[in-house]
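K.L.:
fold the following.
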Amino acid sequence: MEVNENTEFTWKRRPSEIRGYERAMYATTDNGDYIRVDYNIDEKIVRIYAEVNEDKGASYYAVINKGRVTIEKNSNGRSTRVSERLSERAKEFSTLPNKDVLKLISGNYGISKSAPSRGNSKKERLQVERQEVKRKYFKPDENPYTESDNSAGQVSGKAGIIDLFDILTGFVIAGLFFFIGQYDLMAAGAASVIWGMLLGVFDILLREREPVFTKIFFFLIAGSVIYFYGYLYF
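P.N.:
Down below sits the predicted model:
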């Protein structure tokens, strides 16, 4: 949890549930407003959201894609007063403890392009990230938010080069157990199942991202099939 020096509210982090975004930061301000920023650094897209307490919880949000505002909507699906309401909260949004996200916002709505100075070390920030991810997957999270935008494609749990490396590593591990066990299919199958379970742990706790279930299910299912085949026929 990030504490800002000039304000009393705190920013919290979590993986984003909204399509097209990887992570989110959210906070409840001193006057009761709920503000949130979802972002995807690689795609250079950011979503600024505010629920205004004095408007009986009415919401306003904008999507900024590569530095340009592409969407502005309020609770009624219109653009009325969105710019006004977000600009009024520029000071609060400017306290985001992430300089890369502030750069994505690109000064829109009067929000600062530079992050405030903080005394947190890199190690402490990593610990914060891990705590938020753990809470996301192992404990109920407050302020659940499930609204989705159609402004970008789904990126959560998206496979990449690291996932290809995981798959190749799994093949090597299964092969080693197969030959070390003198062509034991049961050993190879058990190794595949264990590797599949470990991949989920690696993604969530070490890489701090949504798990790629395709590779996980592949090793769980393939390993189970190999194990029972070896049990029944060898």
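K.L.:
dump the residue contacts of residue 175.
P.N.:
residue 188 (Cβ atoms under 8 Å, 6 or more residues apart in numbering). C-beta here means a position set from N, CA and C on the backbone, and glycine is covered the same way.
K.L.:
any idea how far residue 223 is from it?
P.N.:
Residue 175 is 13 Å from residue 223, where distance means Cβ to Cβ, to the nearest Å.
K.L.:
which residues are in contact with each of the two?
P.N.:
The contact sets of residue 175 and residue 223 overlap at residue 188 (Cβ under 8 Å, 6+ apart).
K.L.:
so for stretch 223-232, what's the average pLDDT?
P.N.:
Average pLDDT, stretch 223-232: 89.
K.L.:
run through who's touching that stretch.
P.N.:
With Cβ under 8 Å, 6+ apart, stretch 223-232 has contacts from 174, 184-186, 188-196.
K.L.:
for these, which one is nearest residue 75?
P.N.:
residue 196 (43.1 Å; Cβ to Cβ).
K.L.:
pretty sure that closest one sits against residue 217.
P.N.:
Yes - using Cβ atoms under 8 Å, residue 196 makes contact with residue 217 at a distance of 7.4 Å.
K.L.:
the two - which one has more neighbours?
P.N.:
Taking neighbours as other Cβ atoms under 10 Å, residue 196 and residue 217 compare with residue 196 leading, 22 against 11.
K.L.:
and the gap between the more buried one and residue 213?
P.N.:
Using Cβ to Cβ, residue 196 is found at 10 Å from residue 213.
K.L.:
give me the number of residues near residue 184?
P.N.:
Counted with other Cβ under 10 Å, the neighbours of residue 184 add up to 16.
K.L.:
ok, now how distant is residue 200 from residue 34?
P.N.:
31 Å.
K.L.:
returning to what we had before: between the contacts of stretch 223-232, which sits nearest residue 28?
P.N.:
The closest of the contacts of stretch 223-232, once distances to residue 28 are taken by Cβ to Cβ, is residue 196, at 38.9 Å.
K.L.:
now do the phi/psi pair for the closest one.
P.N.:
phi -60, psi -40 (degrees, to the nearest 10).
K.L.:
just the strands in this protein please.
P.N.:
Secondary structure of the chain (DSSP state E): strands at 2-3, 10-15, 23-28, 34-40, 45-52, 58-65, 68-74.
K.L.:
now do residue 48, the pLDDT please.
P.N.:
Residue 48 carries a pLDDT value of 97.
K.L.:
bridging residues for the closest residue to it other than its chain neighbours?
P.N.:
Distances taken as Cβ to Cβ, 6 or more residues apart in numbering put residue 62 closest to residue 48, at 5.1 Å, once the chain neighbours are dropped. Assessed by DSSP bridges, residue 62 has beta-bridge partners residue 48, residue 72.
K.L.:
contacting residues for residue 62?
P.N.:
Contacts for residue 62 (Cβ under 8 Å, 6+ apart) come out as 47, 48, 69, 71, 72, 73, 82, 83, 86, 108, 109.
K.L.:
of the residues you listed, keep whichever come out buried.
P.N.:
In terms of neighbour count (16 or more other Cβ atoms under 10 Å), the buried residues within these are 47, 48, 69, 72, 73, 82, 83, 86, 108, 109.
K.L.:
show me where this structure has helices.
P.N.:
Assigned by DSSP state H, the helices in the chain fall at 82-88, 90-93, 99-105, 122-138, 161-180, 185-201, 213-233.
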